[in-house]
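Q: Pasting the sequence and the predicted model now:
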Amino acid sequence: MTTLLQQIANGLVQGATIGLIALGYTMVYGIIQLINFAHGEVFMVGTFGALAVYRWVLPESVQDQWYVALPLMLLGGIVVAVVVAVLMERFAYRPLRNAPRLAPLITALGVSVALQEVVRLWFPDAEAAQSFPRVFVDAQVDLGPVQISATGLLLIVVSVVLSVLLQTYVNRSRMGRAMRATSQDRDTARLMGVNPDRVIVLTFVLGAALAGVAGVLYGAHLNSVDTNDGFQTGIFAFTAAVLGGIGSLRGAVIGAFIIGLIKTLGGQYLPGGTQYDYVWIFVVLILVLVFRPQGLFGEAERVRA
Amino acid sequence: MSALLEVSELSVAYGAIEAVRSVSFVVEEGQIVCLIGANGAGKTTTLRTISGLLRPRAGDIRFDGESIAKAPAHLILGRGIAHSPEGRRVFARMTVEENLLLGAYTRRDESGVQQDMNRVFELFPVLGERRQQKAGLFSGGEQQMLAIGRAMMSRPRLLMLDEPSMGLSPIMTQRIFDTIRELQQGGTTILLVEQNALAALALSDRGYVVDLGQTTLEGPGHDLLADERVRAAYLGQG
Ligand SMILES: Nc1ncnc2c1ncn2[C@@H]1O[C@H](COP(=O)(O)OP(=O)(O)OP(=O)(O)O)[C@@H](O)[C@H]1O
Ligand SMILES: [Mg+2]
């Protein structure tokens, strides 16, 4: 019983991370119908951006004061993630806006590989996994029979709060309205005075900021980061977005928690253990695509038309 | 009176297909002007080009004395031209209110926007009663009202309406035409594209016939109504 609860807690931490990334997949898809396979790399560069801030910007005296270090590392991670995403949109995807859909998809895979290699080769020592500072309160929190790291708990809270804020923004604000209009009918949105380029950049910025936050907190949670973390976590996030119904914000978050739970519970209870987590997740994905191709929340509450 | 909109020798192509070859017309401030013509004549293409959604291959579009032929679509509304597109194109997954707010997207005067929204609700009470409902749930006629209301929300100087009566009952069509007249009396200049040539010409100060991508005949609405060639081709009377 304790093991079960513990694995649920671990699953929620994983789900929180995956959810922050899945939101970016689903938003970009909602606006330009592109599966941005390089989005996992945005998460990864966020992690390394924060690591760079820790190593080369923070004076040693504040490195262990989390209330100074964490905000600055988050800022660094977000800035790097956003800059990378904006450049990616501007130079890789925008020129292909009117090309056949396969072209930007293949480009996204290329961008993904390129970013991984750039960080692996140019970030000092990044050819091997790097240790990432704990930063946040280095404690285990007891929740009844379950233990969860303070960073893990923070990750869950931040993920849920940011998802709610994002949905409120998209559903209530003027720019959110412009985003939904662009996703439903881009030409008619232009007739309303909406500049689609601005909306698309904003979409990439929001998705990247969330992925950046996830990257920093996840690094702090695991204490270890690697240049191919983005690719792996990105695959889970993409699956979560499809499971939830691509285009749906709520679906992405709920899909992510489901994926997180399948990952940890499957690793614990299903034959093959953690070696097989990809297998179980893709089995679920295939079942969803066969029996409910629009995903759990497709159609109902989507960003796109 | 001065020319508010002047389209001269406009030519527009979709790839190799030349949809508009030579369209020229003038809309004077305060007038209702209509473009009539058969299916595929190039009327919608002309309006979409004025709105910046398509680029002219040749010719010019001048609004208020300035060329807007190269202006990007999202800046056209700010110049004072609103466009209610063919087929209504309401944002189906958004509420009536959200659709109207999008019509006022470029405006920052909240109280004015609220006032104009109330004006739309006065004009089309059904929209006001169901303002929180998704536009996709409405009938064709109601969506048409919403599309027109949405275009009014920017307080345009020129309102372009592409087939506002399409798919509507005769009663509903009459309502829409009455509304167009009211809008004109309120000072809005109107460029109307209609299949319903009889009603459109009766309402218009000036009409133009578009045929195979060219403006062929023009004149005051009532003169065109009486014109033998127009009657034969577009009014089903020979
Ligand atoms: N997206 C497009 N791609 C290629 N050709 C097009 C496109 N849209 C319209 N056309 C062609 O351009 C010509 C003009 O079409 P347009 O829609 O402007 O005519 P219209 O006068 O508005 O007709 P209708 O009364 O049927 O609405 C037609 O021959 C049409 O087939
Ligand atoms: Mg048309």
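A: Arrived safely. Ligands and ions are numbered 1, 2, ... in the order given.
Q: make it CA atoms for all contacts and neighbour counts henceforth
A: Noted.
Q: Within range of chain B, give me the residues from chain A.
A: Contact residues (CA under 8 Å from any CA of the partner chain) of chain A with chain B: A:174, A:177-178, A:181, A:184-185, A:187-195, A:305.
Q: Report the two of the residues you listed separated the most.
A: Farthest pair in the residues of chain A next to chain B (CA to CA) is A:Gly193 and A:Ala305. Separation: 18.9 Å.
Q: those helices in the stretch 1-150 of chain A, which residues are they?
A: Here the stretch 1-150 of chain A has its helices, by DSSP state H, counting those that start in this stretch, at A:2-32, A:39-52, A:60-63, A:66-87, A:102-122, A:150-172.
Q: before we move on, the earlier item: so which of A:Gly193 and A:Ala305 has more stuff around it?
A: Shown here are A:Gly193 and A:Ala305; by other CA atoms under 10 Å in any protein chain shown, A:Gly193 has more neighbours (24 against 18).
Q: and the more buried one, helix, strand or coil?
A: coil (DSSP: H, G, I helix; E, B strand; the rest coil).
Q: And for B:Phe25?
A: strand.
Q: That one and ligand 1, how far apart?
A: Separation of B:Phe25 from ligand 1 (CA to the nearest ligand atom, to the nearest Å): 15 Å.
Q: correct me, but A:Thr151 touches A:Gly219?
A: No - contact criterion CA atoms under 8 Å: A:Thr151 and A:Gly219 do not qualify, at 9.6 Å.
Q: isn't there a strand covering B:Leu35?
A: Yes - under three-state DSSP, B:Leu35 falls within a strand.
Q: lowest-pLDDT helix or strand in chain B?
A: Ranked by mean pLDDT, DSSP states H and E, the weakest helix or strand in chain B is helix B:228-234, scoring a mean of 82.
Q: starting at the chain centroid, how far to it?
A: Once both centres are worked out by CA atoms, centre = their mean, to the nearest Å, helix B:228-234 turns out to sit 23 Å from its chain's centre.
Q: Residue 172: neighbour count?
A: All of this refers to chain A. Counted with other CA under 10 Å, the neighbours of A:Arg172 add up to 12.
Q: Can you look at chain B instead?
A: Residues within reach of B:Met172, counting by other CA under 10 Å, total 16.
Q: Can you name the element that comes right after the host helix or strand of it?
A: Using DSSP states H and E, B:Met172 sits within helix B:170-185. Next helix or strand after helix B:170-185 toward the C-terminus (DSSP H and E): strand B:189-194.
Q: Check the model's average confidence along that following strand for me.
A: Averaged over strand B:189-194, pLDDT sits at 96.
Q: and if you look at stretch B:220-227?
A: Stretch B:220-227 comes out at a mean pLDDT of 91.
Q: which outside residues touch it?
A: With CA atoms under 8 Å, 6 or more residues apart in numbering or on different chains as the test, stretch B:220-227 has contacts from B:198, B:201-207, B:218, B:230-231.
Q: at 10 Å what do you get?
A: B:32-34, B:197-209, B:217-219, B:230-231, B:234-235 (CA atoms under 10 Å, 6 or more residues apart in numbering or on different chains).
Q: ok, back up a step: buried residues in the helix holding B:Met172?
A: By neighbour count on 16 or more other CA atoms under 10 Å in any protein chain shown, the buried set for helix B:170-185 is B:172-173, B:175-177, B:179-181, B:183-184.
Q: Low-confidence ranges, the chain, go.
A: If you meant another chain, say so; for now it's chain A. Chain A contains residues with pLDDT under 70 at A:299-305.
Q: The intended chain is chain B.
A: Scanning chain B residue by residue, the ranges that satisfy pLDDT under 70 are B:1, B:235-238.
Q: At the contact with chain A, which residues of it appear?
A: With CA under 10 Å from any CA of the partner chain as the criterion, chain B comes near chain A at residues B:48, B:51-53, B:72-78, B:81-85, B:88-94, B:98-107, B:150-151, B:153-154.
Q: And for residue 80, the neighbour number?
A: Just so you know, I chose chain A. Applying other CA under 10 Å, we find 23 residues neighbouring A:Val80.
Q: Correction: the question concerned chain B.
A: Using other CA under 10 Å, B:Gly80 has 15 other residues around it.
Q: show me the contacts for it.
A: So B:Gly80 contacts B:63-64, B:154-159 (CA under 10 Å, 6+ apart).
Q: mind redoing it with 8 Å?
A: B:Gly80 makes contact with B:154-158 under the criterion CA under 8 Å, 6+ apart.
Q: Highest neighbour count among those residues?
A: Going by other CA under 10 Å, B:Leu158 tops the contacts of B:Gly80 with 29 neighbours.
Q: hang on, isn't it packed against B:Thr189?
A: Yes - using CA under 8 Å, B:Leu158 is in contact with B:Thr189, at 4.8 Å.
Q: Spatially central residue (nearest the centroid) of chain B, please.
A: The centroid of chain B falls nearest to B:Leu161 when counting by CA atoms, centre = their mean (1.7 Å).
Q: So what pairs up with that residue in the strands?
A: With DSSP bridges as the criterion, B:Leu161 is bridged to B:Ser84, B:Leu192.
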